[in-house]
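>>> what's the 3D shape of this:
(3 chains)
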Amino acid sequence: METILRKDRLGEWAAKLGEQAQVFAPAFADEIWNFAPLEQGTEIAFEGINTVRSAKEFVFPQREVLYRFQLSKGQQPEITQTLPADGAKVVFGVRPCDGRAMVRNDKVFTCAPCDPYFQTRRDQVVFIGLACATPPSPNCFCLSVGGSPSSEDGLDILMTELGDRYHLKVITAKGGEIIDRTAEFFEKATEADSSEVEKAHTAAREYPQRTLASMEKVAEGIKRNFESPQWEELARACLGCGACTYLCPSCHCFDISDEITRQSPVAGERVRTWDNCQFPDFTMHTSGHNPRETTGTRLRQRVAHKLLYFVENHNMQQCTGCGRCITHCPVGIDIVKVANIMEEGAGA
Amino acid sequence: MAEVVAGLADTGAEPQAFEPKVVAFLCKWCSSAGCDLAGVSRLQYPPNAVPIQVMCSGSVSPLYILSAFNKGADGVLVSGCHPGDCHYLKGNYYARRRIYMVHQMLNFIGLEPDRFRMSWVSAAEGVKYAEVIADFVEDLKVLGPQRKLKAKC
Amino acid sequence: MAIIEDIRAKAKELLESEKVRAVLGYRRSTAGILAEPAFIASPADVDELVIDATCVENLALYLVNEKKRQKGEREPDTRPLAIVAKGCDARSVAVLLQENYISRDEVVILGVSCGNSGVIDERKLNKALRGKQAKAADFDDAGNCKVTLMDGETSVPAADVMADRCLECEVAFPQVSDFFYGEKVTERDFSQRFTAVTAFAEKAAEERSEFWAHQFDRCIRCYACRAVCPMCYCDECVVDSTNFVVDATTTADDKANRICWINRSACTSENAMYHMVRAIHLAGRCTDCGECERVCPVNIPLRLLNTMLEHEALEAFEYKAGYDPEQPSLISSFRDEDPNDFIR
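You can find the predicted model right below:
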């Protein structure tokens, strides 16, 4: 289904949706763009090319309580599972790269055995995508990893800007449901609109982006150069911080720990928090041995997971080319450069 | 039965007075002995302070102080020997610098300055120890429960 | 800047004479306009070196990281490392020397003066350019920043795009160096030292508390601030979830009973603990290179916290970090006249 929304009615529509769901949209605060709850009376602004934090936190938050536990004297430990109960959410302005990352996250969390925490959140959120129309950020490379500025994968609705109107394409039943519910805001999309959308999408694809070789070539290159000393060279400046993976829309590693809220008798929560393959303690063994002690081996893990292992396991690259890890790396480590060097032979 | 319910309702309407929790890091050689003296002298002072004996006020890591607030302390006290009296000669001088910095930082991030205190209490100053605690508890009662740094997830 | 030729020549000379094992400098990056750290080990590569207003990183960090790296090597190369250092970076090196983390013969400092300017704040630059993409940028002598765009050039006032730390910098040249490039400018045209801290301290306590609660709440605990800091060299940090220092004498109990001071969850109270522990640990050691604030992906004003402690150290103890590698450190020294009136 395709439909048209006048730009000046976007706020009204969002407010209407807000009656039944929490609405989020990109907002500029503290000098950065991030998704934030839409406050009454504020306009939705789409000027930021992409948010700093990705849309993955709507389905995979940094902290997820798995269950609560408590001991009482003379009784069995009491364990209560806590499935997320935040209710329905609608997220505006999700870029196609974040949408495509959602498909990757689905692969990880919902292929058997299905993760109930992820699934519950996924079922409750509607992602309204926004096709990129402006020149991409200098580190965007979605076209090189099989995506596009107007990709529909993983989104529920795709919005495309057409002058003073938005063209909305319904992609999933979940997306269709919210459009049907608020049908009064929409006009019928005509053939002309569709061709205009096509034109806009084509134009967005024409902007120059950074380039990577084909999926197979990159994967093969990383495999071929797995033992290359280049990894250490490329990661020489790496700090071992978590900026790249915490901001990545498709990184999904986590750690599970217990947080004690009462000492005696013990009560607390078992929580799942993001973890990060770039931290030195990620693979630290109890013995003190660390199989990925150097930054080079850790960089290789990150790049190979995105561009080799995921390809082998799921026949798709995990990286969706949003460029966040490049833009926010404190020392300019660049996954495109790394992948290209590996693909071209690494010189050693 | 009605009386019981009414009684319950009464206590509900009149909440219990707030009793602040104080974590007191006391050096083994002076303040802890001063605290002991206050006890054996049967001085009456508020029972709100949990004394933790440390070897020297200079051995109190800022982490202990922050952690006490994180775990829900309403006030934290660090107490050591008077300048010049340190069992380890200069431990309390180091403590003074470090604690000063912690104090300024907590103040800067907006914690009430009265929640964190340092005192010099010698082994002979049982009375002073009782006073320090009494003053502290009184000030904390005015401030109410500490929520700014308390763990909440 | 013309001094780059001199630096390249010196780097070449040091490498050719095999006096140093590598030169830590800056080179152009593929990731954006900021330069990236370069480890130049061959005289043939010295032409990669650059020095301009985009050379923001504090390379003193790599003296620490390379030292840690070498611990694992069987036959480490014991020759010194040469390092290109701005004023604040050289002060970091001085603190590392003061703390005996490195010794003077392990490092050759190629000191670079920032003159009457400093480095660029990329966020400010992006804001000033209103969506246009810069390819290169550098300050000129006339108080402007010349920016090369995809299509042409533009110029913005230097003070608008200069990093906050540089605006407040008093001594923009290294005090400790083996070779020195540029001019020692002592009269700078920008703000006074501690302007931001003093202004913030004057706010009401409630306002300060709300401000920090908001800032700490946004932290994602990526630890970029810790990782980028040359002073954060502990082998094991309170926020780490495991022991790093494990040797033959570490018992299972030692490992199992590791105290969890700070939960892994990125929530306000735990983040506050982390940042306060870090700040207090840097008191009297931070040289205000501003890297923690720059690398923060969510833009938490960490400099404010660190410079506040720097300010206190100066006001209360007349202590400045990084100016003299021979002086005793802030918390390993005291004076009889230290503040005492806050104590009961």
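
>>> can you name the residue of chain A nearest chain C?
A:Gly288 (3.0 Å; Cβ to the nearest Cβ). (C-beta placed from N, C-alpha, C; glycine too.)

>>> right, and that residue touches C:Thr249 too?
No. A:Gly288 is beyond contact range of C:Thr249, at 11.0 Å (criterion: Cβ atoms under 8 Å).

>>> so between the two, which is more surrounded?
A:Gly288 (15 against 6; other Cβ atoms under 10 Å in any protein chain shown).

>>> which secondary structure elements does the host helix or strand of A:Thr160 sit against?
Using DSSP states H and E, A:Thr160 maps to strand A:157-162. Packing partners of strand A:157-162 (3 or more Cβ pairs under 8 Å, 6 or more residues apart in numbering or on different chains; DSSP states H and E): strand A:125-130, strand A:165-170, helix A:173-181, helix A:191-206.

>>> minimum distance to chain B: which of those has it?
Set against chain B and scored by Cβ to the nearest Cβ, the helices and strands packed on strand A:157-162 come closest in strand A:125-130, at 22.0 Å.

>>> could you pull up the mean pLDDT of that closest one?
Averaging pLDDT along strand A:125-130 yields 97.

>>> show me the contacts for the closest residue to A:Met1 other than its chain neighbours.
Distances taken as Cβ to Cβ, 6 or more residues apart in numbering or on different chains place A:Val170 nearest to A:Met1, at 4.3 Å, with adjacent residues excluded. Contact analysis of A:Val170 by Cβ atoms under 8 Å, 6 or more residues apart in numbering or on different chains lists A:1-3, A:156-157, A:176, A:179.

>>> got CSV for those residues, with neighbour count too?
Shown next, in CSV, are those (neighbours: other Cβ atoms under 10 Å in any protein chain shown):
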residue, neighbour count
A:Met1, 14
A:Glu2, 16
A:Thr3, 19
A:Asp156, 25
A:Ile157, 26
A:Gly176, 15
A:Ile179, 20
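
>>> got a list of what the residue lying closest to C:Ile331 once chain neighbours are set aside touches?
The shortest distance from C:Ile331 to any non-neighbouring residue, by Cβ to Cβ, 6+ apart, is to B:Arg98 (5.4 Å). Applying Cβ under 8 Å, 6+ apart, we find B:Arg98 in contact with B:58, B:60, B:62, C:331.

>>> and for C:Val245?
C:235-236.

>>> so what pLDDT did it get?
For C:Val245, the predicted pLDDT is 80.

>>> residues near C:Ile300, how many?
23.

>>> please name the nearest non-neighbouring residue to it.
C:Gln215 (5.0 Å).

>>> list the contacts for A:Asn105?
A:56, A:59-60, A:118, A:250, A:252.

>>> do the same with C:Asn271
Applying Cβ under 8 Å, 6+ apart, the residues near C:Asn271 are C:216-217, C:219, C:221.

>>> and for the strand holding A:Thr160, what's in contact with it?
Against strand A:157-162 from outside (Cβ under 8 Å, 6+ apart): A:4-5, A:46, A:96, A:126-131, A:133, A:150, A:152, A:166-171, A:175, A:178-179, A:193, A:196-197, A:200-201.

>>> tell me if stretch C:38-53 is near chain A.
Yes. Stretch C:38-53 lies within reach of chain A by Cβ under 8 Å from any Cβ of the partner chain, at C:Phe39.

>>> tell me the buried residues in that stretch?
Buried positions in stretch C:38-53, judged by neighbour count with 16 or more other Cβ atoms under 10 Å in any protein chain shown: C:38-40, C:43, C:45-46, C:49-53.

>>> I'd like the distance between C:Arg258 and B:Val60.
Distance, C:Arg258 to B:Val60, by Cβ to Cβ, to the nearest Å: 20 Å.

>>> comparing these two, which residue is more hemmed in?
B:Val60 (25 against 13).

>>> what's the pLDDT at the residue in chain B that chain A sits nearest to?
Nearest residue of chain B to chain A, counting by Cβ to the nearest Cβ: B:Cys153, 6.7 Å away. pLDDT recorded at B:Cys153 is 70.

>>> using the three-state scheme, assign residue 220.
Using chain A here. Assigned with DSSP: H, G, I helix; E, B strand; the rest coil, A:Glu220 falls in the helix class.

>>> should've been chain C
C:Ile220 ends up coil, using three-state DSSP.

>>> burial of the residue in chain B positioned nearest to chain C, as a residue count?
Using Cβ to the nearest Cβ, B:Gly110 is the residue of chain B that sits closest to chain C, at 2.6 Å. Neighbourhood size, B:Gly110 [other Cβ under 10 Å]: 19.

>>> gap between it and B:Val76?
16 Å.

>>> wasn't the residue nearest to C:Ile331 part of a strand?
No. With three-state DSSP as the criterion, B:Arg98 is assigned helix and is not in a strand.

>>> enumerate the residues of the stretch 51-200 of chain C near chain A.
Counting by Cβ under 8 Å from any Cβ, the stretch 51-200 of chain C sits next to chain A at C:57, C:61-62, C:69, C:72, C:123, C:127, C:131, C:133.

>>> list buried residues within the residues you listed.
In those, burial by neighbour count holds for C:57, C:61-62, C:69, C:133, counting by 16+ other Cβ under 10 Å.

>>> biggest separation within those residues, which pair?
Farthest pair in those (Cβ to Cβ) is C:Arg69 and C:Gln133. Separation: 35.3 Å.

>>> does the residue nearest the centre of chain C belong to a helix or a strand, and which?
Geometric centre of chain C, nearest residue: C:Cys289, 3.6 Å, by Cα atoms, centre = their mean. Counting by DSSP H and E, no helix or strand carries C:Cys289.

>>> how far away is it from A:Gln124?
C:Cys289 is 44 Å from A:Gln124, by Cβ to Cβ.

>>> the stretch 1-150 of chain A: strands as residue ranges?
For the stretch 1-150 of chain A, the strands defined by DSSP state E, counting those that start in this stretch cover A:2-6, A:22-29, A:32-37, A:63-70, A:78-81, A:89-94, A:125-130.
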